[in-house]
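Visitor: My questions concern the predicted model and sequence given below.
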Amino acid sequence: MDALRVPTDNPLKVRAVRAACRRFGWGVKVLQTAPPARNAQPRGWVQTIRTASRRARLAGPGGVGIESGIVEIAGFGPFNAVVCAVFDGKRMHLGLGPSFALPHAIAKRARRGELGDVMDRLTGIRLSKRRGGAIAHLTRGKLGRAELLEQAVLMAFASLERLCLAYPFQPC
C-alpha cells in the first residue's frame, strides 16, 4: 500500500495512524478523507468492530477505520473500547486498543447519547474527543485519546506485519 486513508473528521485519529506508521518504520502517506455518514455511538464489541470495519472498507484498499464504542462487561459495567480496522483490499485486519471503565455518572449519561457529547458538557470543553477525550479528563492529563487510538492501530498493523512474515512472497 502506498497510502493509508483515514475516513474521519477527527485529527487525533490521523495523528494516531501517523504515529503507528513511524513506530513500524513505514514510510507510507497517511491521508485524511471524508468520513462516512455519522452513526450513533456503537454499543458492544460487534457494533464497534462493524463500524470500524465499515469505515475502513468504504475508504478502499489502505482504509483505516477507528472507532470507540461503549462495551458492557458483565459484573464491571460499561467500558470505553477502541477498535481499529485496516482493509488491505482483500482482508480486514483488526486491532483492539486499551479499554477503561466509565465512572457510573458518565456511563449513565452516555447511555442516552455519545460519550464525547457527555464529556463536552461535563468538562465545558467543546469537541473534547478531538483533544484529549474522556481518558485525559479521567487521568488528569496523564494519558490522552491519541495514545489510546494509537495502541489499537498498532495492533491492527501487527496483523499486517504477521501476514508479511507468513507470506513473504506476496506484496505487503
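Guide: Alright, I've got the coordinates. It should be emphasised that the depicted structure is a prediction, and the values quoted were computed from it without experimental measurement.

Visitor: The residue sitting nearest the centre point of the chain sits in which helix or strand?
Guide: Computing the C-alpha centroid of the chain and ranking residues by CA atoms, centre = their mean puts Ile66 first, at 3.0 Å. Per DSSP states H and E: Ile66 is located in strand 63-73.

Visitor: how about the strands in this protein?
Guide: 3-7, 29-33, 63-73, 77-87, 92-96, 100-101 (DSSP state E).

Visitor: neighbours around Ala3, how many?
Guide: 11 (other CB atoms under 10 Å). Placement of C-beta: from N, CA and C, glycine included.

Visitor: try Pro11
Guide: For Pro11, using other CB under 10 Å, the count is 13.

Visitor: what's the distance between Thr51 and Ala16?
Guide: For Thr51, the distance to Ala16 equals 16 Å [CB to CB, to the nearest Å].

Visitor: Could you list every helix and strand that the lengthiest helix in the chain packs against?
Guide: Using DSSP state H to define each element, the chain has its longest helix at helix 145-166. Here helix 145-166 touches helix 11-24, strand 63-73, strand 77-87, strand 92-96, helix 133-138, going by 3 or more CB pairs under 8 Å, 6 or more residues apart in numbering; DSSP states H and E.

Visitor: I'd like these written out as TSV, with mean pLDDT and distance to Ser159 added.
Guide: Shown next, in TSV, are the helices and strands packed on helix 145-166 (pLDDT from 0 to 100; distance: least, CB to CB, whole Å):
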stretch	mean pLDDT	distance to Ser159
helix 11-24	92	12
strand 63-73	91	12
strand 77-87	92	7
strand 92-96	95	4
helix 133-138	68	24
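
Visitor: still on that earlier bit, okay, and the beta partners of the residue nearest to the centre of the chain?
Guide: On the basis of DSSP bridges, Ile66 takes part in beta bridges with Cys84.

Visitor: Good, we can wrap up now.
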